[in-house]
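S.K.: I'd like to go over a predicted model; first the sequence, then the structure.
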Amino acid sequence: MVRNPENLREWRRRYYQKNKNKIKKECNEYYQNNKEKMRKAHHSYYQKNKKKIIERGKEYYWKNIEKKKKYDKNYREKNREKKLGYDKDYRKENIKRIRKYYQKNKEKYKEYSKEYYQKNKDWFAQYRMEKAYPYRKILDSESVCELCYNKQKLIIHHIDKNHKNNDRNNLRIFCRSCHTGFHNSERAKMPICVGLEGD
């Protein structure tokens, strides 16, 4: 007698739900006892059905792309330090391979980065203000250049050349033109630099 495949699937699903812990324990024990055998079997199956597996993976990915993004985001938040360490090690070991791949797909990467930036423009601006450039918080609508009193294109200048030292006494507010002029005059030791030192 041939069983209906739909009924068989339901029966298997119900059986698995009832005996979930037991099945997991048995599978783990079998895997630990037959580790090398299982690895060889998986490798040989993958080599024989490589194209089929890749196509299935792509189909599943595009069908469940939103689910995958949520899972990846949660995983990154929980295992941030672990992932950063793994990425650094991978880059060190495979730096030549990464460079070759980047050179082949340079234009593709540029287009993708532009699209990603346009979609997440607000997030990048907030990140710059809060994390990358926290000293920019001192700028407000009443801020002016300390040399020419201009209100446009303002830049924060660090006196002791240490960009991590964001103490208010270590910061000066210049406009872009005065900032470049200050550095040029500093190199030439002009009188504009009197009372102001640093980078």
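M.R.: Cool, got the structure. Computed from a prediction, not measured in an experiment: that's the story for all the values here.

S.K.: Run a quick neighbour tally on Phe174.
M.R.: Neighbour count of Phe174, defined by other C-beta atoms under 10 Å: 22. Where C-beta positions appear, they are placed from N, C-alpha and C, glycine not excepted.

S.K.: For it, list each beta-bridge partner.
M.R.: Ile155 (DSSP bridges).

S.K.: so how many other residues sit close to His179?
M.R.: Applying other C-beta under 10 Å, we find 19 other residues in the vicinity of His179.

S.K.: ok, how many other residues are close to the closest residue to it other than its chain neighbours?
M.R.: Leaving aside its sequence neighbours, His179 sits nearest to Ile155 (C-beta to C-beta, 6 or more residues apart in numbering; 4.8 Å). Other residues lying near Ile155 total 17 when counted by other C-beta under 10 Å.

S.K.: now do the one 5 residues further on
M.R.: When neighbours are defined as other C-beta under 10 Å, Asp160 has 12 of them.

S.K.: Surely it and Asn170 touch.
M.R.: Yes: with contact defined as C-beta atoms under 8 Å, Asp160 counts as touching Asn170 (5.7 Å).

S.K.: all helices of the protein, in order?
M.R.: Assigned by DSSP state H, the chain shows helices spanning 5-18, 20-33, 35-48, 50-63, 65-78, 80-93, 95-104, 106-119, 121-127, 176-188.

S.K.: For the last one, enumerate the helices and strands it packs against.
M.R.: Yep, that's helix 176-188 we're talking about. strand 154-158 (3 or more C-beta pairs under 8 Å, 6 or more residues apart in numbering; DSSP states H and E).
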